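Student: just coords:
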């Protein structure tokens with residue numbers, strides 16, 4: 001199996017690798033079908049399907065990262081790549097990420113494995129003959145690994161891949177407050193505050209006084225600069241945690257790796273500007289089911305190869321190849 005990744009020479013350093021995908025990549029044009037999955041608590045998730053409709057075609061659930069969506073270019077690229085090998089895929093939009101605010105005060109976060117579990121159950125019921133795989137990027141990768149550790153042998157998933165994972169959320173919050181990474185932090189803060197404000201407007205417009213009150217009780221949305229600020233004042237109280245540290249401790253995927261029994265590929269770059277090297281798990285923390293692939297370069301959900309005229313995307317090539325090998329075993 002070809003695991004050779006040669007970073008594009010014209011994208012030196014981790015930041016250019018990280019920024020190419022969201023800023024410069026041409027989006028894959030896909031015909032997709034949207035399905036609304038109603039959750040047990042009355043909220044919804046939107047799922048975007050692509051590829052063959054055959055009942056037995058392998059199915060891949062794709063999980064995007066923080067402030068992303070099913071339209072994130074790495075999601076579209078993977079769905080396009082999977083279709084070329086005859087695989088179906090469905091891209092999940094976390095709560096409120098599909099272009100329409102979700103209906104509850106709560107949202108999504110790095111430990112939202114309950115929503116992933118409900119989605120997996122839905123897909124298993126919808127296509128019981130299809131082998132099911134899951135691929136998660138960044139936040140989505142953290143949620144995926146947490147879910148796999150929680151469920152052990154009962155994951156209902158044949159194989160999984162996680163990319164650019166923030167294994168220790170507390171340490172990643174610290175990393176994003178250093179140097180150029182503060183640029184990413186500022187972008188995320190702007191997007192996450194806008195996410196809450198959009199829901200406030202929806203609740204006010206629809207007269208959902210109790211839900212609006214739950215958000216108003218969080219206090220002002222001004223003055224939040226770091227992840228610690230946002231997660232302490234917004235994420236933690238909305239999702240039943242006592243504070244940011246409690247949220248980080250209960251949601252960091254590094255603590256769940258030893259219990260994973262599903263065949264799992266993890267792809268990480270040592271120069272990821274979101275993740276300290278010391279945040280990466282040690283070999284003894286990994287279950288025997290995990291294949292950990294660490295590259296010297298690649299940035300955060302980057303891994304761009306090839307030429308400027310014809311850039312290539314290692315993640316799509318490698319993940320599709322690895323999944324095909326799992327299916328053949």
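Tutor: Done, it's in. Note that the coordinates shown come from a computational prediction; the quantities given were computed from them, not determined experimentally.
Student: mean confidence score for the helix or strand where residue 204 lies?
Tutor: Taking DSSP states H and E as the definition, one finds residue 204 inside helix 181-205. The average pLDDT for helix 181-205 rounds to 97.
Student: figure out how far the next helix or strand after that helix is from the centre of its chain.
Tutor: Downstream of helix 181-205, the first helix or strand assigned by DSSP H and E is helix 209-216. Relative to its chain's centre, helix 209-216 lies at 28 Å (C-alpha atoms, centre = their mean, to the nearest Å).
Student: what is the neighbour count of the nearest residue in space to residue 25 that is not next to it in sequence?
Tutor: Once flanking residues are discounted, residue 25 sits nearest to residue 73: 4.7 Å by C-beta to C-beta, 6 or more residues apart in numbering. In short, each C-beta sits where N, CA and C put it, glycine included. Residue 73: 19 surrounding residues under other C-beta atoms under 10 Å.
Student: does residue 73 touch residue 21 like I think?
Tutor: Yes - if you go by C-beta atoms under 8 Å, residue 73 and residue 21 touch, sitting 5.3 Å apart.
Student: low-confidence regions, the protein specifically.
Tutor: Scanning the chain for pLDDT under 70 picks out 1-2.
Student: so which residue is dead centre in it?
Tutor: Centroid-nearest residue in the chain: residue 140, 1.9 Å away (criterion: C-alpha atoms, centre = their mean).
Student: my guess is residue 227 contacts residue 184, does it?
Tutor: No - Residue 227 is beyond contact range of residue 184, at 10.4 Å (criterion: C-beta under 8 Å).
Student: who's more crowded, the two?
Tutor: With neighbours defined as other C-beta under 10 Å, residue 227 and residue 184 compare such that residue 227 has more, 25 against 18.
Student: chain neighbours aside, what residue packs nearest to that one?
Tutor: Using C-beta to C-beta, 6+ apart and skipping residues adjacent in sequence, the residue nearest residue 227 is residue 173, 3.8 Å away.
Student: how near is the residue nearest to the centre of the chain to residue 111?
Tutor: Residue 140 sits 12 Å away from residue 111 when distances are taken as C-beta to C-beta, to the nearest Å.
Student: what ranges do the helices span in the protein?
Tutor: Secondary structure of the chain by DSSP state H: the helices cover 14-24, 73-84, 113-126, 139-151, 169-175, 181-205, 209-216, 227-230, 236-238, 244-251, 314-328.
Student: nearest to residue 97, of the ones you listed?
Tutor: Closest approach to residue 97 among the helices of the chain (C-beta to C-beta): helix 181-205, 8.3 Å.
Student: what about the closest one, distance to the chain center?
Tutor: That offset, for helix 181-205, works out to 18 Å (C-alpha atoms, centre = their mean).
Student: now residue 287: how far from residue 104?
Tutor: Going from residue 287 to residue 104 by C-beta to C-beta gives 34 Å.
Student: the two: who's more crowded?
Tutor: Each of residue 287 and residue 104 has its neighbours counted (other C-beta under 10 Å); residue 104 has more, 19 against 16.
Student: from residue 94, how far out is the residue nearest to the more buried one when sequence neighbours are not counted?
Tutor: For residue 104, ignoring the flanking residues on the chain, the nearest one in space by C-beta to C-beta, 6+ apart is residue 43 at 4.7 Å. Using C-beta to C-beta, residue 43 is found at 11 Å from residue 94.
Student: kindly report the same for residue 147.
Tutor: Taking C-beta to C-beta, one finds residue 147 at 13 Å from residue 94.
Student: list the contacts of the residue nearest to the centre of the chain.
Tutor: 62-65, 94, 162 (C-beta atoms under 8 Å, 6 or more residues apart in numbering).
Student: again with residue 48
Tutor: With contacts defined as C-beta under 8 Å, 6+ apart, the neighbours of residue 48 are 32-35, 70, 90-91, 93.
Student: picking that back up, ok, for the residue nearest to the centre of the chain, nearest residue in space, not its chain neighbours?
Tutor: Nearest-residue entry for residue 140: residue 63, 3.0 Å, with adjacent residues in sequence omitted and distances by C-beta to C-beta, 6+ apart.
Student: so that neighbour touches residue 137, yeah?
Tutor: Yes - between residue 63 and residue 137 there is a contact under C-beta under 8 Å: 6.7 Å.
Student: that concludes my questions; thank you for your assistance.
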